[in-house]
Each structure stands twice: as C-alpha cells, then as structure tokens.
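Okay, predicted coordinates and the sequence, questions at the end:
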Amino acid sequence: QVHVVESGGGLVPAGGSLRLSCSASGRTFSRYGMGWFRQAPGKEREFVAAISWSDDSTRYSDSVKGRSTISRDGAKNTVYLQMNSLKSEDTAVYYCAARSPSTVLMTTTPSNYNYWGQGTQVTVSS
C-alpha cells in the first residue's frame, strides 16, 4: 500500500507562484510513475503533469506547459509541482497520484494510477 499526501496549496494572486509537494510512502518509490491532476468545481478531473519513473522524463498538459515544472526527489520520496504565472483558471483541487511499478513509464490517464492523495486547494485570485 502506498500513502500519498499533497501539501502546498493556498490562495495566490494572479501572476503568482506556488510549489505543491507530494510525499509518498513505499520502498520502491523510485519505480512509481507520478502524476498531478486537478479538478475544478463542476468539471472533470484533468491531467496536469506527469514524470517517468525511469528517466525523469516529463509531460504537461497544454494548459500549464511553459508555466509549470514537475520534479522528483528520490531521497525524500517527494514529487513537486512548481507553478508560475498562475491564472484564475488554474483554480482547482490538485491531486497527486502514483502508479505502481510497471513497464509503462508514465501516463496521463487518471484510471491508470493506483494511489491518490486527498488533494490540496489552489485558489488564484484575479
């Protein structure tokens, strides 16, 4: 079982920055594909960013590409999402997810992730 916990959300003005953190338990963390998703009120959960377990390659949604960076610190079992130039449309609950070790390096599909955190609220004021 893997326990995933997000932190770092909050209220930030438009144009500001936030760094979300995701800590995950598990002795094989280095082999977990990790992803960030978000869900705004009345909308479906959408992919934000993912990082591969093998070579730390990354993928971003078009909505955050160029403004966000996903990274991982294996020594701390932690994944980060640095978000810059925040917009009001970035307001959502942000979820971190972990995918059990597999041959799939990373995925943008929520159903492919096995473990989810409780989410952290990000509110961008305009």
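Perfect, thanks for sending it. Residues are numbered from 1 along each chain as shown.

Against Thr91, how distant is the residue nearest to Tyr113 when sequence neighbours are not counted?
For Tyr113, ignoring the flanking residues on the chain, the nearest one in space by Cβ to Cβ, 6 or more residues apart in numbering is Ala97 at 3.7 Å. C-betas here are computed from N, CA, C, even on glycine. Between Ala97 and Thr91 the computed distance is 20 Å (Cβ to Cβ, to the nearest Å).

picking up where we left off before, so what's the residue nearest to Tyr113 bridging to?
Beta-bridge pairing for Ala97 (DSSP bridges): Gly35, Trp116.

what's the nearest residue to the residue most central in space within the chain if we skip its chain neighbours?
In the chain, the residue lying closest to the centroid (Cα atoms, centre = their mean) is Trp36, at 2.2 Å. In space, and not counting its chain neighbours, Trp36 is closest to Val48: 4.3 Å by Cβ to Cβ, 6+ apart.

give the contact list for that neighbour.
35-38, 60-61, 63-64, 68, 81, 94 (Cβ atoms under 8 Å, 6 or more residues apart in numbering).
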